[in-house]
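Q: A predicted structure for the sequence below; I have some questions about it.
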Amino acid sequence: MSGLRLILTVEDMGAGTRFASLNALLADPEAQIYAPVAAALESSTKERFDTNVGPDGEAWEPSLRAKEQSGRTLTDQGHLRDSVHGASDPAGLEVGTADQRARIHQFGGEIVAKTDGGLAFRLADGGFRRPKKVTMPARPFIGLSAGDEGVIVRITEGALKRTVQ
């Protein structure tokens, strides 16, 4: 995956050992925890494109296109949203995208033209713009929200309850 992904790693205060014990206790942690968590995180990540709110609860700065067309930011054609996927295997889970545009939208930054012709952008009114550089604001869409953390806890608790019953 060359785009952007979220990998959760637990390494503090003996939690890794506890998770190893948990994995041994559960018959199939991938099916019972990892796959459902990956699916839930994929869903909540895609929802952010509808709400225009990052995992930190902060609203994204609206794009010029979204303002002029009364649309949503980062959802002109939906390619970035549709590229988000969750996956799991016996070792854990990840949620991310291989879309090369993900990094600049997640973290923001400056895009500088590689040629003298500049960067070519079609504006919402149909016109073109050819700046030498543009600065993109960060619009984080991958990450854990407070709601995501609650879902992870509920899925894990449910798996544990089913195991001990």
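A: Arrived safely. Numbering: from 1, shown residues only.

Q: number of nearby residues for the residue lying closest to W60 once chain neighbours are set aside?
A: Of all residues not flanking W60 in the chain, R139 sits nearest, at 4.1 Å (Cβ to Cβ, 6 or more residues apart in numbering). Heads up, the C-betas are built off the backbone N, CA and C, glycines and all. Residues lying near R139 (other Cβ atoms under 10 Å) number 23.

Q: who's in contact with R139?
A: The contact partners of R139, taken as Cβ atoms under 8 Å, 6 or more residues apart in numbering, are G54, W60, E61, T73, L74, H105, Q106, G108.

Q: The same query, at a cut-off of 7 Å, please.
A: R139 sits next to G54, W60, E61, T73, L74, H105 when contact means Cβ atoms under 7 Å, 6 or more residues apart in numbering.

Q: swap in A113?
A: Contacts of A113 (Cβ under 7 Å, 6+ apart): L119, K132, K133.

Q: again, 8 Å this time
A: Contacts of A113 by Cβ under 8 Å, 6+ apart are L119, P131, K132, K133.
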